[in-house]
Structures are given as structure tokens and as C-alpha cells.
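Engineer: Just to be clear, the model below is a prediction. Sequence and coordinates:
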Amino acid sequence: MTGDEKKQLLQFLDLASDFLGTGYRGEREEYHIDDDRPRDVAGSDSLEAIAEEVRACQACKLCQGRHKAVPGEGVSQPLVMVIGEGPGADEDSTGRPFVGRAGQLLDKMLAAINLDRNTNCFIANVVKCRPPNNRDPEQDEIAACAPFLQRQLALLKPRAILTVGRVPTQALLGTAEGISRLRGRFFEYQGIPLLPTYHPSALLRDEGLKRPAWEDLKQLRAFLNSPDKDGRIPPHASGAVGSVSGVGTYSGTSSIGNTDPLEEQN
Ligand code: URA
């Protein structure tokens, strides 16, 4: 029922009450019903609803070539939301983000700083359907998909965003600056700290990028270990969903050490 309909019903009930009571229409204040205002987007939304809409979406041309849309996956109260570019072939065939070679490296990068899509991260992309031949997503495709990312962010409320690669970083920050200049610096996106780093595919192509990527990851962990705006240090491994046994002793940058675990990955 809309606010106007509620107002009419109340006026009718008043009229009936006046009629049954005194038989005369009484003086009344005007009703002000303000529940026609747009609701808090996250209030009635859910990750499942977004995923369903993503799977049915035809808002841009990428829907024509997709096998499976890739809404994203992870925990519902993550410490970190990882945002990539768009699904590749493996993601398009499984409907899951970052499951190919780059995805396996991403999982190792995250694990090196005690992050994991099963306990304290959510992983998604700026476009949810695979661009043909893995080309960069185009502006209109990113724009058409943006409301899904916005809704996911509004629900997830991560402590930080990690953008991997040029495309998601430029898209979220609205800049044309290159990733090598943007990486390793904290920005803000809608009030959420955002750290860009290299895409794992870039690390697979160029071993020399692993060390700076590791520096970025250590920065992210140091940030996550610092008190939040309420002065609390959130549980390291599991975000807001409780602790996970065996990883609760993680104690920040120093325990990562200076040896670069990404050097081992290929
Ligand atoms: N690369 C991305 O940017 N996203 C994926 O989901 C997979 C590969």
C-alpha cells in the first residue's frame, strides 16, 4: 500500500468514526505519511536476489555471448571485497569468479595475508559476464553492470576494497591513470578504503611485478590489523562472522615476514 492509499484509508476511518460518534465531520490535522520515500537500498536487498538478477540480466551486449554470468562469491560480512575486471573462460563456464590460473594465484595472494573467499572475503568483478576473447570491458558495459556492484557493496560493507588490475581500479576511481602509478596507495570509494594492486594475470606474465604486489598486500594486512573507526580490531581471519580455528594467532605485517611468498607462485 502506498503512502497516499494509507492516507485515504485513515481519512475514511476518521470519517466513519465521526459519523458513528457525533454524526458530524470533525476537524483533523492533515496526515503526513512518509513511507513512500525510497527505502534504504540494502534494507530489502540480498546477495541472492542480486545474483538472480545478474543471471537473468540483458542490460548490455555481454549477455549475448555468456554461458554463465558470474555474480561473485564469498562471505556476507567480509573484511575485504576483491574486485576484478570480468570473467574469463573458466569463470564463464563455471559461473564462479577467479577460478582459472589467475584465480588460483589470487587465492594464494590472499592466503598470504590470511584472507580467503570462504572465511573473510567476497570476490566479484566490475562486469559479471565474459567480454568476448577476454577483451577489456567497454564503458557502457561497466556502466550497465555498476548497479549490481553498488548493491553488493551496500550489503557487504567491507572494511576495505582490493581492486586487482587497471580496469576495476580506473572504473571505481574514475581515473585514466595507469595501474603502476595507482597501486600501493589507499584511496576511498564511497567512504570505503580502496587499495589497488596488480592483477594476478599480470603477475603470471611478469614475475617482476610480484614483489611490488607483495608490498601492496602487506599494506592491506597492516591496514586490516589497525583499529577500525570504532577503535576495534576486527577478527583477522573471519571478518565479522566469528573466528576460525587455527588462524587466530596471526599478528600482522611482522608475522608475514619479508620473504615474498608470491615468489614461490607461478
Ligand atoms: N580475471 C578477472 O578479472 N576476473 C575473474 O573473475 C577472472 C579473471
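Structural biologist: Everything's here; your move. Numbering: from 1, shown residues only.
Engineer: Which single residue of the chain ends up nearest the ligand?
Structural biologist: Nearest residue of the chain to the ligand (Cβ to the nearest ligand atom) works out as G84 at 2.9 Å. Using the backbone N, CA and C atoms, a C-beta is placed for each residue, glycine as well.
Engineer: What count of nearby residues applies to P227?
Structural biologist: 9 (other Cβ atoms under 10 Å).
Engineer: is it true that it touches R159?
Structural biologist: No - the pair P227 / R159 is not scored as a contact, 11.0 Å apart, by Cβ atoms under 8 Å.
Engineer: what's near enough to touch S201?
Structural biologist: 101-102, 165 (Cβ atoms under 8 Å, 6 or more residues apart in numbering).
Engineer: Sort out for me which of these are in helices.
Structural biologist: Counted as lying in helices by DSSP state H, out of the contacts of S201, are 101-102.
Engineer: Using JSON lines, lay out the contacts of S201 together with pLDDT and neighbour count.
Structural biologist: JSON lines is the format used below for these (pLDDT from 0 to 100; neighbours: other Cβ atoms under 10 Å):
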{"residue": "R101", "pLDDT": "97", "neighbour count": "14"}
{"residue": "A102", "pLDDT": "98", "neighbour count": "23"}
{"residue": "G165", "pLDDT": "98", "neighbour count": "22"}
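Engineer: Could you list which of the contacts of S201 also contact the ligand?
Structural biologist: A102 (Cβ under 6 Å from any ligand atom).
Engineer: With distance to S180 as added columns, please give the contacts of S201 in JSON lines.
Structural biologist: Formatted as JSON lines, the contacts of S201 follow (distance: Cβ to Cβ, whole Å):
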{"residue": "R101", "distance to S180": "22"}
{"residue": "A102", "distance to S180": "18"}
{"residue": "G165", "distance to S180": "11"}
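Engineer: measure P168 to I233 for me?
Structural biologist: To I233, P168 is 27 Å away according to Cβ to Cβ, to the nearest Å.
Engineer: And S201, by the same measure?
Structural biologist: From S201 over to I233 the distance is 33 Å, taken as Cβ to Cβ.
Engineer: before we move on, what about R181?
Structural biologist: Distance from R181 to I233, by Cβ to Cβ: 31 Å.
Engineer: Same question for A59.
Structural biologist: Taking Cβ to Cβ, one finds A59 at 40 Å from I233.
Engineer: which one of the two has more residues nearby?
Structural biologist: Neighbour count, other Cβ under 10 Å: between A59 and I233, A59 has more, with 17 against 11.
Engineer: ok, the more buried one touching A144?
Structural biologist: Yes - applying Cβ under 8 Å, one finds A59 in contact with A144, separated by 4.1 Å.
Engineer: who in the stretch 1-150 of the chain is up against the ligand?
Structural biologist: 84-88, 91, 97-98, 102-103, 125.
Engineer: Which of the residues you listed fall within strands?
Structural biologist: The members of these that map onto strands under DSSP state E are 84, 125.
Engineer: The host helix or strand of R181 close to the ligand?
Structural biologist: Taking DSSP states H and E as the criterion, the element that holds R181 is helix 179-182. No - counting by Cβ under 6 Å from any ligand atom, the ligand is not contacted by helix 179-182; separation bottoms out at 12.6 Å.
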